Each structure stands twice: as structure tokens, then as C-alpha cells.
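A.B. asks: Next input, structure requested:
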Amino acid sequence: MESTKVPGYSSRLDELASGGVPLDTGDYPSTFSGTRRKPKFPRLSRPVPIMRPEYDVVVVGSGYGGGVAASRMARAGKRVVVLELGKEKWPGEYPTGLKDSLPEFHMSGNAGRFSGGPLEEVAVGRSTGLYHVVVGQGQNAFVANGLGGTSLLNSNVFLRADKRTLQLNNWPEEIRNDPACLDPYYARAAEMLQPVPYPEDYPALKKLEVLEKQAKALGHGDNCYRVPQTTFFRDGLNNAGVEMKASTGSGQDCTGVNDGSKNSVLMNYLPDAWNWGAEIFCECEVRYIHENRTGGGYIVFYAWHGDGRKAFSDNFYNGLMWVRAKELCFLDAGALGTTEILLRSKAHGLKMSRFVGQKLSGDGDSLSFGYDTDEVVNGIGGGHSPAERPCGPTITGVMDNRGPETSPNVLDGYVLEEGAIPQALASVIQGAFESGVFGPYARGGSLNCTQTYLIMSHDNNEGTITLDNDKPYLRFSGVGRADHLEKLDLILGNATKAIGGTLINPPFYAITVHPLGGAIISSDETGRSGATNHIGQLFTGDGSEVHTGLVCVDGSVIPCALGVNPLATITALAERSVDFIARNNGWTIDPSKNGRLDLFGKPARSFPLTADMVAASKAIHSTRPSEGGGIRFTEIMDGHMHIGAGVDDFVVAENIAKGAASFTKLYLSVDVHNVKNLIERPDHASLATGTFSCAALSKDPMLILRGEVQFFTVDDTVSNANNLVYKLTLLSTDGEMYLMNGRKNIDSNMAFSVSNTWKATTTLYTTITRLDGSAVGRGILRVSWRNFRSQLKTLGPMPSGPPSSEPASSGGLVGGLINSILPFLGFFLYFAWNLVTYFLGPLSQLEYPDRTHSGYLPKAPPAQIITLTAKDGIQTTMKIWVPEDDVVKKPLPILMIPGASVDDQIFSCPTVRTNTVEYFTSRGYTVYVPVLRFGRVPVAEKGYTAFDARLDIAAAMAHVHEKHQVRMHVIAHCVGSIATSMGLLDGTLPAEWIQGLTVSQVFFKLHFGFVNQLKAKGPLGGGPWFPMNSMPNDTFLQRFLDQVLRFYPVGPSSELCTSTTCHRCSLVFGRLWNHRNLNHATHKHIINWVGGIHINMLGHLMRTGIAGDSLDNAGNNLVTDANLARLEGLPILFSTGKAYEVLRGRFGTAPYRRVVVAGYGHLDTWMGKRSNIDVYPSVRDHFERCEAWPRV
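C.D. replies: Below is the predicted model of the structure:
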């Protein structure tokens, strides 16, 4: 037979490559522009982290039925989501040889029972692998996982089921009484799939010629013809608007055609659905479905195979993600997949017919070979087939013996089609049959002279699927009718004999590529004879009631073997189901034609993104090629959460939750799309996706909606720590939404401690609130050692830029490897450096003073600043704050006296939410704060003592008394308190002007700890003035001091820090705070409220401390009986014990109270982040008692 090469064919044939001439970027028309790298292949699917939690329609699977449902429902204006287990691969990406194909091979199922034990599971390869063999008892099945379903790997044959088959009693009366009712739906399917026979003007195909010869030899020449197939033989647009290429005849249809000629669902229905707004997500394995308890619809639970989540094998199928179908859920996971989903849904409580899992068929499939014939068949696909003798598409001809003339009994009907061996299997089959010296493609070689037979007939339709230990168990009891199989075997033998070959039924003879049934259409519209009604809606039981929103649209509904390739019938039935559902609901499916689709651009129709989806999308797509890629990992943390308000302590909450067995698990995948941004911008968050499970809060796992994980952000609530921060929005299947805030504390407790470092990086302190901020629960989650090992397996690089983009450089394999390693290495070093900084503690880089105002909060300025002149002529300033106009005024003012080296800011601290001044002015008090001569003022450098400073207090009291003409309350801190005690003892300060006194830390009795006693006995060094300020360019002595003070004894590791100012304060005054009580801004800006100290002032203080009593400048003890008498009857609140005990022993207990606030040190009493909660209320209570106390 001569042939004429048509345009669009010859040039590509001359360039024939593995799997057909692979398409490249130029073969996909695109309007892509910009500076970012251009994707090599289209990507209709989206990243799973930007999936919405709810759609009108959920389509499970993406084969023919799923494509129909997605396309038509999107055209009806519905919000549609498609969930596909496999990955998205386009022509040019499919494997070719055996080596390339093996990573895509997946085998599952069971190997039977041994010695009466449980089923032996078969599990080989990745669950998302393109080639999936399901091992069953009696017969195996071969299906595809990928966007487009089995249409990616089938032989493209578009043959209708014959009328007699559709009239069998297995079918519902709507079809069996009128098989022609399917004609318009076959036509719709054909309009989209565009089947045509192998053209007469294409090169002659030896395997087709051999089949025609065999048919004539068997007397069935009239029944042999070229099959309609969904293959393009000319370049041009298909009816969905996608650019197609002419077939190069590669014969690779069953492993993936790379030349762009295969009009699979990926090339028509799915792009059409995408263009009309459907959102598509891959690597989503749907597990089960249940009815939505609130609001109607269905909840579809799925396991996401991305980000290495399956490394947690014990948890992978437990912490499932989900999406809600508001109206409809279409099932198109294939006969085996859909049935498995339904059975598992039944186990989870979904009501359905007992026929689910019954009546499976292998469509009478069989695969045989006519080996070593006298004919050159040229039936091996791939890249080494000579250009002048192409293999051709896998199937091009059929001997169709389904008619009544050849098969009076419809069940004896069959089709016999020639096939092609794909390149990946050629060497395997050759080795199995016979080793050839010249290879399988050699002219006259045994394999090149082998005809492949594919038969579809009628089996006994008695297969079943059950769940055993939650895994599907496929069984066929008698795959075919024995007499029928013998007849087919005889026919194949005669056909092979006609061409001088040997018939071989290989070990994989009992395998079907067309599994059907499992959720079959009922013949009587009840669940007593099927699982679904005539449009695929699932029965709720044995009656006629159905789940109106659960619709099966794949091969699972076909009630018996078709005896022919099923794709046309599956598609037609799906078109019919969707049409009925649309009409029943009054929906209009828009029939408009697409123009040319730009698969790299935006769809013509889309639904608005929520704010968090926009942010997530920007994070995913904003990386520039020059910035490298990112990393991804998955982690599981579990523990206990107390659900309830009122418990603020995490450990207490955890213990309560343990007692209540309130177990919690966080199963989180984290995508860092730009490591460079992460390192350079501490606020740059990664994208977090997964589930949060807590039965006390939700019966089902809660979905995490585009959460954030921030690495090593400064903890503003503590003085010196970083956090790993988790900010997650949780959504329950009941529609309740919560906020989860978690943190891992990276702080000085890690210093030189491996165990504390492990604890810091694996312990998540977790709080759950409602959207309004009200508390819901609190607890602690941890990473176990076992889960940590699994987590390491998930850690890996992720590409930057658009999906499937070209490498940023042309470095080939080495360049690609470097681009993958660099982000991972950068993240690892960044993570390690931040941990080492705290692990090494005092050895880390010193932090020098920061005089900026970063972290300051807006505060009201003082109403007035006045100058005071003391008795000895020294002038100081005093600031005055008054209550707001709408606050009820208190009659008594408050005088607050700060200590040495500080100023009013210890009471008016600008870095805490509510400082001392604000607390009391908001309660109606007018507040006065003088800065004494030893404070943070220039005059302090003259060396005045605490005894001298009593004169400043006297001037301040005189002003306040004159202004108000009433007694005042006094708060005196530290050395300010010592100065106050000296003035009261020697009579400089009139006690009768004071209504109530609060003394902080010390009064007239001093007691030094051991370290302070040593300092008191030795010189501080460095001159008369000791600054708290230090800089890297200071004198050698000052810099040497800063280095030595790294190791100054400050208490437990939690008190370690690297601030030189903090170290110097501790040297002079002892530890001024517990670091946990200061927020970051307060600690960072110590230099802004702590000045230096004069050695003369410090010497006097040291002498006083050694004596244990207040001394005047001459060394005279002021604590005498006569002086103490001046304090009689003065109500005093103490935070220290010595003076308190002296006064109680002398004057009785009535006027004196002592309050010790646990966990506070010194200045943190007034500047602490929680002082307004822990400290100020006690002072206020004291004042209110004093106001009621009778003073004479």
C-alpha cells in the first residue's frame, strides 16, 4: 500500500525520538512575557496550599468522566475543584526507556494469604507513579495516575458499545429499552475527543497490514477496519482550543506520547475546565467522603502526597486534609479507585447499597503475542524505529466480531486489535521470549516479527473489592467463561498460524487495562441490584433513595463487560449524567467555543482570591531566578491541649489535658519559597499547610488555611530571645474557625546544653483563640525523636519561580544540582548559626548600646516640667503627669522617687504597654517624678551621695505639698528609697506630709550578697566616673572590661545575655532584673534609661551596705531610736524584709505591710512587661488602705 506523507508529518518523522518527537517550549503557544524564566511546560494545576476549603463542585479524579464533569460544571458557572492523585505531566515529560520508566512504576494490592494469616500487602514504588499495577486474586489491573487519568496511557480507541450489549438486563431500563438514548452523548464525547482513523495518506503500517491479512485468513476480512482514535494526524487546534501536533507514529501510547498528538483528557476537557474557572490540584489522594453535618454537602478527605508527607507512614492516612463540596461531588477515580473510596466512606458511616464493591469486570481483556512470525510486524514503539517504517499508534486496526453474524450470542462477541510494544518494555519482553543478537528492532528479528494481540470480550462480571485492614483486596472468581476463553484462544492460534508464528500467552496474561464496575448502575433503580441509579447517583441503601450530590462518572458504573474499548462509553455516560444533573437543577451549560488557549497565561474565567490566597500566591510566584530556590519540609508535633479558658500557664494546661486525655497532633508542611528572603528579612514567613487534630475541639482534623511559620523572629515579649513562630488559621468541618499561635523559644537557656537546645527547637507552646481573640485552649506540642527522623527525610529543595521552569543557568546537570543544593545549604547554615548564637551563650558577639527609639510605644508627654532648687542650691527637674479630663480625680497626689543612675523613665517607661505613671494617672492620681542628683543627669558626675539627694526629695515634697495642701503618697525605689529613709530619719523630710509610703527593694537596712560584698571591698577601677555606656572603639581598659563581664556571675543560664550595658549594670548594682520580665525593646534600650555612676556616690553606698544601716556622709549611723521614732505611725508597704522587721518589732504590725512579688528582681518591678498586672495593683491597694487609715 503506497502512501503520501502529509504536511506536518514528514518533517517530524525525520526527527523521530523516544516517545515521539518531544515537544519543547516553542510547541506550546504562549503570551508569556517578563523577566522571570519561561516555563517549559504548561501547568494547569495549582499548589495545594492555595486550595480553597469549599467549592460548589468537587471532582475526584481527572479521567474521562472527571474531565466531563469539571468542564460542564465550570461552564455552568460553578466553582469547581479537581483532585488528582497523580502528577501533572505534559507531552515532552513522559518517560521513554526502561530506566526512565521505573521511577514511575507503582505496584499495590495483595499477594494473598499465607498459612491463614493476614493478607500480604504488595507495595512497590511511589503512590503517585504514572504506571500503576494493582495486584489481585485471579486477575491484575493496569491503570494510570496522572492529570488526565488513564487517558494518558490508553490506546485512544473510540468505539461505541454495540446495541445488543446495551440491551442486556444488566443495564437500567432507561438505557436497555432505548440504547439510542446514548447517541447524542456519544456525539458530545466525539466532538471533544475528535476521533479519526489512521489516515490513508499516512505511511503504511506493517502491523496493520498483518492484522488485515490475519482477518482475511480467518474469514473476517469484512469486519476488519481502522479504528477511530483520539489521535491528531495534522497540526492544529483541537475543539478545546489547545494546540495539537501531528502524530509521528511512535507507538508509545501506553507509556505516554511525547509528540503532542494524543488528544487525552489533559488536552481537551481539563484545559476547557481550567479556562472556565475550575481549579486543579495534583498529588491529592481522596480517601473517603462523609456528609457534612452542618450546612449540607459533603466533606471529601484526602491525603496530600506533597512535601514528603508520606515519610510519616504511621500518620499519613490519619491526619487527612479535606475540602467541602457544597453541592456535588463527582467520583472519577476509576473503577478500582472509586470503589475503594466508597467502601472506605461506608466504613466511616456513609450509607450506601450493599452492591458497592461487587460485580467488577475486566472487560474480557487479554493480552497475547504471535511470536516469531513470517511477517515483519514492526510493532515496537520508540525512538529507534526506522523513519521509513514507523511503528504507528499503538492500535490502528480492529477485527470487530461483535455483530450477530459472527456472534449470535452477544456474550460471545469480541474485538481483536493489533498492538505495539512500548520501548520501555521491548527489552524486557525480548528477554522473556528469546535473547536476540541484533536487538528487537532488527529487520527479521523475532520480536520485530511479533504481532501483539489485544482482545476485549465478555467475562463473567464476578469480581469484587473489599477492604482488609483498610486496604483494597481485588478478587476475580473465574475471570472469564471457560468455553468462551477456549474459543478465543483457538481464534488467536489460527490467526498466528496464518502468519507462521507461535501463540504466546505471557505471565501477565490475566491483566486488564479496562477494569469496570464496583459501583454499577442498578437495573431496577434500587440499591437491591446496583450501587447507583441510571445517572450515577449513589443509593443510600437498598431502596431508591440516593445521595443526590454523590455521582459516579467513571467505569465503576458500567454494569458488565462492554466487549470493546470503554473510553467512548464512559465519556458518553458521564456526559449524560452531567446533562441530567444540570437540567434537574435548572443550570445552563454554556456552549460557547474557546479560542486558542494560552496555557501559560490566565484562564478566561476565574473566581476572586481571598486575601490569604493572594498572599500565598505571591509568596509562591514572586521568587526571581537570581534569588535561587527554596526548601520544604514536613513535621509532626503532638502533645496535649487543654480546651477551656482561664489557664494561662502552659505546663499547668498540659497537665490538665493529660489528665483528660486531650491528645493533639499538628501535621504541618512548610514551604520556604525563597531562602534568600527568609535570611535577609526576619519577618518573611513561609507557607504552612496541613491539619491540626484535637478531638476535644473537632471530631475531624481541622484544616490549616495558609498558615505562616517565621524563623528566628525577635521575641518582643522577652529581653533576649528569638522564636520560631507558628501562625495558623484552623477550620473545622463544622465551619468553626480558630487561630493557633505557637512558638518555639530560642533563648539563653540553651547555653552549652544539648538537651536544652533539643527542647527549644522541638517544643511548641501553643495557644488557640477564636477570631475575636477570646481564649479557647492552651498546651504544649513536641517533636518526638521518631518524628524528627522522619522530618529529616522530608527536608529538601523546591524550585523557585513558576512550576516546571527552566533552570536559572545553563549549567546542565551540575548547574541544576548546585541550584538545588544552595537553598538547602543556605537554610541549614542560617538555622545552625542562629542556634549556635544562643548555644555558645556568653561567647557570642556582644551587643552594644542602641540609642534609637525602635520599639517605643506612643505615650503622653508630661503636662509640665519644672525646676527644683534644693536647700544646698543644687537644681534638678521634676516631671508632672495629670489624669485625662474624663477621669475622676483623686485628691491625693503621688510622688515617685527613682533610684541612682536612672531618671523618670523607670516609671514612665516608653517600651511597655502600661507603665507606672499611666497606671496611676488612669486611676485619677496626679503623678510627680523628680530626677535626683545621683540620677541620669549631668550633675551626677559631681559625685553626690544618697544622703545629699535627700535634699532633692525635700524640695520635691515641698512643691507637691504647697500645690495640693494635702498629704501625698510616695513611691521610692532603690537608692531613692535609701535617700528617702535618710531624710525621714534625720527629719529633713516631714513624715506627716506622707499619707502612705511604698519602698522598693531597700529602705534604711541594707544587706549585700556575697558578690556585692566583694565589690564593696575592692575598687571598681577606670576612674571616678563609671559609664554604663560602652562602644567597640572604647579604650582598651573598657573593652577588656566588657570581655571579662561576659562571664560575670548573673545566676542561671536564663539570665545570660550579650548586652554590654546590662553587664555593666549588674557589675555596679547587682542583677537589676530577671530577664524574663523585660520585653525586647526595654532590654535593648537600657542605655536610654540607665546612665553612669560616680565612684564617690558608689563608695558611700558600699560603706552603707557594709554597715547594714543608713549612714550620713560622715559615716554616722542614722538608724537610732530617736530617728526611728519619726517613722512611727507612717503606713509603709515594703518589698524587702530587714527594715520591715525592725519597724514591726518597735511599733507593732498595724501600719506596715510587706508584699513580695515572686519572680521579680529589681528595676523590673516597675519596668516589667507584666508589672501592671503583678505589681501595681498591690501598690494601689496600699494607697487605698492608707487613705482610710486614721493619721494624726
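A.B. asks: Can you pull out the low-pLDDT segments for the stretch 801-950 of the chain?
C.D. replies: Applying pLDDT under 70 to the stretch 801-950 of the chain picks out residues 801-820.
A.B. asks: Using neighbour counts, pick out the buried residues of stretch 584-603.
C.D. replies: Neighbour-count burial for stretch 584-603 flags 587, 589, 594, 597-600, 603 (criterion: 16 or more other Cβ atoms under 10 Å). C-beta: built from backbone N, CA, C; applies to glycine.
A.B. asks: Over to stretch 136-146?
C.D. replies: 136-137, 139-146.
A.B. asks: Please list all residues in contact with the closest residue to Ile865 other than its chain neighbours.
C.D. replies: Using Cβ to Cβ, 6 or more residues apart in numbering and skipping residues adjacent in sequence, the residue nearest Ile865 is Lys879, 5.2 Å away. Counting by Cβ atoms under 8 Å, 6 or more residues apart in numbering, Lys879 makes contact with 862, 864-865, 904, 908, 928-930.
A.B. asks: what pairs with the helix or strand Lys879 falls within, and is each one parallel or antiparallel?
C.D. replies: If you go by DSSP states H and E, Lys879 is part of strand 875-881. Strand 875-881 has the following sheet partners, assigned by DSSP bridges: strand 864-869 (antiparallel), strand 927-930 (antiparallel).
A.B. asks: Name the surrounding residues that touch the last one.
C.D. replies: By Cβ under 8 Å, 6+ apart, the list of residues contacting strand 927-930 from outside reads 868, 876-882, 893-898, 904, 907-908, 917, 920-921, 952-953, 955-956, 959-960.
A.B. asks: for the longest one, same thing?
C.D. replies: Around strand 864-869, the neighbours that count as contacts under Cβ under 8 Å, 6+ apart are 875-880, 930, 952, 955-956, 959.
A.B. asks: How far away from the center of its chain is that strand?
C.D. replies: Strand 864-869 sits 59 Å away from the centroid of its parent chain (Cα atoms, centre = their mean, to the nearest Å).
A.B. asks: what do you get for the shortest one?
C.D. replies: Relative to the centre of its chain, strand 927-930 is centred 53 Å away, using Cα atoms, centre = their mean.
A.B. asks: buried sites along the strand holding Lys879?
C.D. replies: Of all the residues in strand 875-881, those buried under the rule 16+ other Cβ under 10 Å are 876-881.
A.B. asks: Report the two members of the contacts of Lys879 separated by the largest distance.
C.D. replies: Within the contacts of Lys879, Gln864 and Ser908 form the most distant pair, 13.5 Å apart (Cβ to Cβ).
A.B. asks: and the two? which has more neighbours close in?
C.D. replies: Legend: neighbour count by other Cβ atoms under 10 Å for Gln864 and Ser908, higher for Ser908 (25 against 11).
A.B. asks: and the gap between the more buried one and Lys879?
C.D. replies: When distance is defined by Cβ to Cβ, to the nearest Å, Ser908 is 7 Å away from Lys879.
A.B. asks: Now for these two: what residues contact both?
C.D. replies: 862, 929.
A.B. asks: Let's check: the centremost residue of this structure is which one?
C.D. replies: Nearest residue to the geometric centre of the chain (Cα atoms, centre = their mean): Thr689, 1.8 Å.
A.B. asks: tally of neighbours for the nearest residue to that one once chain neighbours are set aside?
C.D. replies: Nearest non-adjacent residue to Thr689, counting by Cβ to Cβ, 6+ apart: Pro49, 4.2 Å away. Using other Cβ under 10 Å, Pro49 has 25 neighbouring residues.
A.B. asks: can you give me the strands for the stretch 101-250 of the chain?
C.D. replies: 105-113, 119-124, 131-135, 140-144, 224-226, 236-237, 243-244 (DSSP state E, counting those that start in this stretch).
A.B. asks: how about the helices of the stretch 151-300 of the chain, start to end?
C.D. replies: 163-166, 173-176, 183-193, 206-217, 269-275 (DSSP state H, counting those that start in this stretch).
A.B. asks: Tabulate the ones you listed (a markdown table), appending distance to Val1068.
C.D. replies: A markdown table is the format used below for the helices of the stretch 151-300 of the chain (distance: least, Cβ to Cβ, whole Å):
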| stretch | distance to Val1068 |
| --- | --- |
| helix 163-166 | 97 |
| helix 173-176 | 95 |
| helix 183-193 | 84 |
| helix 206-217 | 96 |
| helix 269-275 | 70 |
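A.B. asks: Can I get the ones you listed in JSON lines including mean pLDDT?
C.D. replies: JSON lines is the format used below for the helices of the stretch 151-300 of the chain (pLDDT from 0 to 100):
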{"stretch": "helix 163-166", "mean pLDDT": "97"}
{"stretch": "helix 173-176", "mean pLDDT": "96"}
{"stretch": "helix 183-193", "mean pLDDT": "98"}
{"stretch": "helix 206-217", "mean pLDDT": "96"}
{"stretch": "helix 269-275", "mean pLDDT": "98"}
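A.B. asks: could those be laid out in TSV, adding mean neighbour count and distance to Trp1025?
C.D. replies: Shown next, in TSV, are these (neighbours: other Cβ atoms under 10 Å; distance: least, Cβ to Cβ, whole Å):
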stretch	mean neighbour count	distance to Trp1025
helix 163-166	18	104
helix 173-176	16	101
helix 183-193	18	89
helix 206-217	21	101
helix 269-275	28	75
